[in-house]
Each structure stands twice: as structure tokens, then as C-alpha cells.
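Novice: Sharing a sequence plus its predicted fold:
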Amino acid sequence: AQSVSQHNHHVILSEAASLELGCNYSYGGTVNLFWYVQYPGQHLQLLLKYFSGDPLVKGIKGFEAEFIKSKFSFNLRKPSVQWSDTAEYFCAVIPPWGGNTPLVFGKGTRLSVIA
Amino acid sequence: GAVVSQHPSWVICKSGTSVKIECRSLDFQATTMFWYRQFPKQSLMLMATSNEGSKATYEQGVEKDKFLINHASLTLSTLTVTSAHPEDSSFYICSARGPASYEQYFGPGTRLTVT
């Protein structure tokens, strides 16, 4: 089935460690890609998005993601995490079906940053 | 940026009663609204897509007679959970999209607890 896959269910890092969260999708054609963050008890916030152009996308709070079309991937990265980055991270894709196609979410990756 | 509000943010109801959740786009016209459900520590599952002035399109497995969606105006959509049961307890999140964008803007969510 066509889907969005996030490989890591739970990632635990120490402060200042580098972060990379994997995201793969299985749709062919042109897709729009997003990363959202959900801090504990809060609603979804957009971290960054890719529609076209430079495949390296920079978002808020020092996050970036790289779109690699050949690998159907859109991995999220941050060079140095902070305790405040503890949250749930969701990769999402708008499939190439046109119209009002909604976002399809991955299952999410919980990031725990410890001191 | 585009703002989406939801009301109420938290509701407790007795089994068998109905609950209405409102979703409003505050500073843009939402031609399409989406309703998601999120179980604890899980991803967002799309329930239905609604376009202003027309019937909602429900995802497979979502009971349209139980989850009534109305999108009567370009700024308001409502989700009514009819004859609620404890298994309907969940976090319900709405999302809105304007007429000229692929982006979806998310509301803060409504936590429903059915006792």
C-alpha cells in the first residue's frame, strides 16, 4: 500500500547530539513533503516543507530536511539537539493525486533529549 | 500566518450523548477542511474531507452517521459525534486549506472523553 514510513519509533539523544529522523514515502510522481512537530500537550506545528526547488530545505528552530527523489526520502536533521526539542515528529506527504488530496502522515517518531 | 481554532479544547460527556466540535479558520477562507483523529501516542488518522457547501467524503471505516460533518461556510466546519461511546474517546484535530495552497493549517485539537 502507498504510505509514509518513519523508521524510528523512539529516539533518545543527549543534548548537543546530532539528529537524523528518517522518512520514506512510496508514492510515484510529484509529491509535497512536510515535517510537523507536536510538543507534549500542544498541537501540530509546521517545521518545514518542500514543494520544489532546492532539495535541502531549512525550517524553524535549526531543523533542515533533504529531499532525495531517487530514494523517496525526506529525512529531518538537526546538528545539535536541545532538551526543548523533546517532542513527537511527524513526516507527512501530499500524494500526487491533485484536487483536495489531504496530508498523509507517518506514524511519528518520539524524540527524547536527555541532559 | 493562518490560524485555525477549535472549540471546545476539552470535553467530557456521558455515553449515549452527542458532542459537537467546531473548527474555524480565523484569517483565511477554508475551501477544504479535514478532520483527523489521534489516539494516544499514535499518528493522525484522516476521518473525512469536507468542502464548503457539499457533503463530506469519509475515509474507509469511518461511520458517516456517527461522525456528522458540516461545512456550512468558508470559515466554519463542525464535527458532531453522535451517541458517543467510550471507544470514541480520542483527540480530534481539524485542519483547513485555503483555495490557492497545498498547505494545511491545524487546529489545536479537541480532547473528547466519553464516560
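Specialist: Thanks, I have it.

Novice: drop to CA atoms for contacts and neighbour counts, all remaining ones
Specialist: OK.

Novice: Which phi and psi values does residue A:5 adopt?
Specialist: Torsion angles at residue A:5 (phi, psi; degrees, to the nearest 10) stand at phi -120, psi 130.

Novice: isn't it right next to residue A:93, touching?
Specialist: No - assessed by Cα atoms under 8 Å, residue A:5 is found out of contact with residue A:93, at 10.4 Å.

Novice: how about the residues of chain A near chain B?
Specialist: With Cα under 8 Å from any Cα of the partner chain as the criterion, chain A meets chain B at residues A:42-45, A:90, A:100, A:102-108.

Novice: quick revisit: out of residue A:5 and residue A:93, which sits in the more crowded spot?
Specialist: Ranked by neighbour count (other Cα atoms under 10 Å in any protein chain shown), residue A:5 and residue A:93 place residue A:93 first, with 25 against 19.

Novice: host element of the more buried one?
Specialist: Residue A:93 belongs to strand A:87-94 when assigned by DSSP states H and E.

Novice: Alpha carbons of that strand, as PDB, please.
Specialist: C-alpha atoms of strand A:87-94 as PDB (Å, rounded to 0.1, in the frame of the first residue of the first chain):
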ATOM      1  CA  ALA A  87       8.600  16.100  21.100                       C
ATOM      2  CA  GLU A  88       6.800  13.900  18.600                       C
ATOM      3  CA  TYR A  89       7.900  14.400  15.000                       C
ATOM      4  CA  PHE A  90       5.600  13.600  12.000                       C
ATOM      5  CA  CYS A  91       6.600  13.300   8.400                       C
ATOM      6  CA  ALA A  92       3.700  14.000   6.000                       C
ATOM      7  CA  VAL A  93       3.100  13.800   2.300                       C
ATOM      8  CA  ILE A  94       0.500  15.200  -0.100                       C
END
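
Novice: which residues in chain B form strands?
Specialist: Ranges of strands within chain B are B:4-7, B:10-13, B:19-25, B:32-38, B:44-51, B:57-58, B:67-73, B:76-81, B:90-97, B:105-106, B:110-114, based on DSSP state E.
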